[in-house]
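S.K.: I would like the atomic coordinates for the input below:
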Amino acid sequence: SIFEACARNRQLTSLDVSSTRFTEKAPEDEKAAENDAKAAAAAASGASPPPTAKGRAGDGSSSASGARRRTAEVAEEGGDVGEWRIADLGSTNGTFLNAEALRPRRWFPLRDGDRVRLGERTDSPTVHVGVTPTSHGAVSGGEPPIALRSASRSSPGKPPRMEDRVLAECPLRGHSQVALFAVFDGHGGHEAAVRAKQSLPASVARLLGGRTPGARGCERILAEAFAECDAAMSCEYEGCAATVMLAWREPSAGSLYVQTANAGDCHVAFGRAKNPGGSGRGAKFLTKEHRVTSPEERERLRARHGIKLPRGARRLHGLALTRTLGDSFLKRERVGIIATPDVSPPVEVSTGDGWDVAVLATDGLWDVCSAEHAMGVAGKASAGEDQGKDGAGRRRIGVNPAAAAETLVAHARRRKSKDDTAVMAVRLEL
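M.R.: Residues are numbered from 1 along each chain as shown. Down below sits the predicted model:
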């Protein structure tokens with residue numbers, strides 16, 4: 001991870017990012033250090049020492065020279081997926097994540113594009129967070145690990161319960177040229193989404209066996225991973241919709257490919273957030289809808305399971321979905337609910353100019369937004385956004401995943417979406 005400090009009136013320092021505690025150094029502390037140096041010089045010459053600077057009342061500062069206050073801590077969550085979190089350490093003036101105050105001594109997820117402000121004042125030090133992926137496995141063929149920028153944002157529905165989960169593993173464990181992104185929408189609780197998030201990437205990695213897919217993709221592997229995950233979850237009365245996008249650098253030509261698999265009503269929209277015909281034009285869903293109201297699913301239920309639903313039926317044994325992970329009780333009853341995903345053909349990303357984007361989201365967004373409109377919103381959100389510079393010192397252009405995800409969640413709320421909403425934007429650029 002890279003933490004870029006942007007301090008106006010105070011100096012911000014950070015330590016080892018494997019477990020970072022942000023500390024702030026106030027200008028009066030720097031003045032105190034300067035006065036101490038003058039006092040030492042005065043003592044050596046026999047002159048009277050200058051007055052020392054005192055800490056500001058009520059902000060926890062110290063009058064000791066060079067004193068620094070611990071404000072917040074950042075740590076990796078651990079496990080096979082490198083995810084980061086942040087906690088306020090009980091600071092007097094608070095820690096703010098994207099303008100929202102953090103409750104003290106509780107962990108909150110930290111993602112690419114987040115802004116952390118150390119203090120309640122608008123001129124308090126601000127940390128702009130950028131996440132640089134590191135490989136979970138050995139570099140293959142001398143190529144650097146795949147590094148796709150992504151960011152996610154979420155918002156609970158009404159009543160607030162937040163059963164959605166997101167996953168970004170870039171690179172995928174043991175596969176330096178493969179990345180995995182996913183969203184999960186739980187029903188009946190959040191446990192199924194949590195278990196699917198833990199199990200599905202492990203299944204995909206095991207089935208790939210260290211190999212990088214070619215131009216033909218890996219339909220069989222994705223389908224088997226869904227089946228394996230469904231069996232491993234052991235969720236009797238809870239389930240979730242799941243959508244996965246696999247991205248990889250094709251070994252022979254070095255091209256970027258993506259392929260999706262989904263069960264339920266979470267979707268992946270793919271397209272360009274900026275093009276000559278208008279932002280978002282030509283964008284499409286790579287995934288299919290698996291609801292009781294879907295004509296293809298109603299025909300599958302009739303042809304394969306002998307279930308003829310009445311006209312206007314919107315639920316099957318209480319569920320609006322016909323394909324899920326979990327819901328083991330209903331699957332044992334053989335009522336037509338299955339875990340078999342629809343797998344898209346692999347898609348080659350041809351431009352790589354920073355404006356190709358994939359938006360993975362739960363139905364809280366897609367119930368009120370089309371694929372083309374999502375691309376348009378992502379493009380407008382990125383226009384004029386300061387994305388800093390890359391490693392070569394060049395100004396970043398193209399889609400800003402953090403701005404896109406945040407704006408799409410806000411768009412869903414403006415369109416009166418009442419469901420949990422989780423959005424992940426992935427910039428498809430090697």
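
S.K.: Show me where the stretch 51-200 of the chain has its helices.
M.R.: Ranges of helices in the stretch 51-200 of the chain, per DSSP state H, counting those that start in this stretch, are 191-208.

S.K.: shaky segments in this structure?
M.R.: For the chain, the stretches with pLDDT under 70 are 1-69, 76-83, 131-142, 275-279, 384-396.

S.K.: Quick check, central residue of it?
M.R.: residue 152 (3.3 Å; Cα atoms, centre = their mean).

S.K.: Enumerate every residue touching that residue.
M.R.: By Cβ atoms under 8 Å, 6 or more residues apart in numbering, residue 152 lies in contact with 111, 166, 168, 405, 422-425. (Glycine included, C-beta is placed from N, CA and C.)

S.K.: how close does it sit to residue 114?
M.R.: Noted for residue 152: a distance of 10 Å to residue 114, by Cβ to Cβ, to the nearest Å.

S.K.: what's the answer for residue 408, then?
M.R.: In terms of Cβ to Cβ, residue 408 sits 16 Å off from residue 114.

S.K.: Counting neighbours, go ahead and name the busier of the two.
M.R.: Neighbours were counted for residue 408 and for residue 114 using other Cβ atoms under 10 Å; residue 408 has more, 24 against 21.

S.K.: hang on, that one in a helix?
M.R.: Yes: checked against DSSP: H, G, I helix; E, B strand; the rest coil, residue 408 lies within a helix.

S.K.: so it makes contact with residue 425?
M.R.: Yes: using Cβ atoms under 8 Å, residue 408 is in contact with residue 425, at 7.3 Å.

S.K.: can you list residues touching both of the two?
M.R.: Listed as contacting both residue 408 and residue 425 by Cβ under 8 Å, 6+ apart are 359, 378.

S.K.: how many other residues sit next to the residue lying closest to residue 164 once chain neighbours are set aside?
M.R.: Across the structure, with Cβ to Cβ, 6 or more residues apart in numbering as the measure, the residue nearest residue 164 apart from its sequence neighbours is residue 422 (3.8 Å). Residue 422 is flanked by 27 other residues according to other Cβ under 10 Å.

S.K.: go on, residue 310?
M.R.: 5.

S.K.: Helix or strand: which one has it?
M.R.: Under DSSP states H and E, no helix or strand contains residue 310.

S.K.: for residue 296, same thing?
M.R.: helix 295-305.

S.K.: Report the buried residues of that helix.
M.R.: For helix 295-305, a neighbour-count test (16 or more other Cβ atoms under 10 Å) marks 297-298, 300-301 as buried.

S.K.: List just the nearest of those to residue 401.
M.R.: Nearest to residue 401, judged by Cβ to Cβ, of those is residue 297 at 31.7 Å.
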